[in-house]
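Peer 1: Have a look; sequence and predicted model below, questions after that.
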Amino acid sequence: MKKYLIIFVVLFFSCNKKITIEKKYFKNGDLQEMITRKGNYFNGEYIAFYSNGIKREEGIYKKNRKIGVWKAWYKSGNLFSIAEYENNQLINANGWDENSKQTLVDGNGYALAFYPNGDSMSLINYTDCKWDGELIK
């Protein structure tokens with residue numbers, strides 16, 4: 001009987017976490033970011049936008065960790081990257097410059113790094129999906 005009570009308590013508390021959708025807005029009222037939470041974790045869909053309304057990034061979190069395919073775009077709307085995560089670890093990435101020329105192929109090449117506001121910061125070299133430490137620009 002104790003065994004069943006413990007299982008019930010664990011299931012009750014693990015299944016009873018409140019799911020909420022948090023939204024942040026720009027000063028003009030447009031949606032800036034939307035994230036799903038379950039309890040204290042980012043757990044579900046994440047979508048972010050630039051101030052011009054163009055989608056900036058989208059992906060899925062599971063217990064605060066990136067999983068699956070994440071996509072990112074430039075302010076122009078051109079595709080910036082498609083990255084695949086497994087338990088928050090980058091396992092594959094492809095990226096393009098603003099003119100849609102591919103610069104990162106299967107985790108090898110270079111990609112832009114951005115400031116939080118979307119402005120470009122520098123080019124970063126990648127080898128096997130890992131930043132090799134060399135800033136190009």
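Peer 2: That came in fine, so what should we check first? Everything quoted here is computed from the prediction, not taken from an experiment.
Peer 1: what helix or strand is Asn52 on?
Peer 2: According to DSSP states H and E, Asn52 maps onto no helix or strand at all.
Peer 1: Let me see the ranges of the helices in the protein.
Peer 2: Taking DSSP state H, the helices of the chain run over residues 2-15.
Peer 1: Spatially central residue in it, please.
Peer 2: With distances taken as CA atoms, centre = their mean, Gly59 lies nearest the centre of the chain, 4.9 Å away.
Peer 1: Show me what Val69 bridges to in the sheet.
Peer 2: For Val69, the residues forming beta bridges with it (DSSP bridges) are Glu84.
Peer 1: so how many other residues sit close to it?
Peer 2: Other residues within reach of Val69 by the criterion other CB atoms under 10 Å amount to 13. In short, each C-beta sits where N, CA and C put it, glycine included.
Peer 1: which residues of this structure score low on pLDDT?
Peer 2: Per-residue confidence for the chain (pLDDT under 70) gives these ranges: 1-16, 116-118, 133-137.
Peer 1: Since that was my last question, I'll sign off now.
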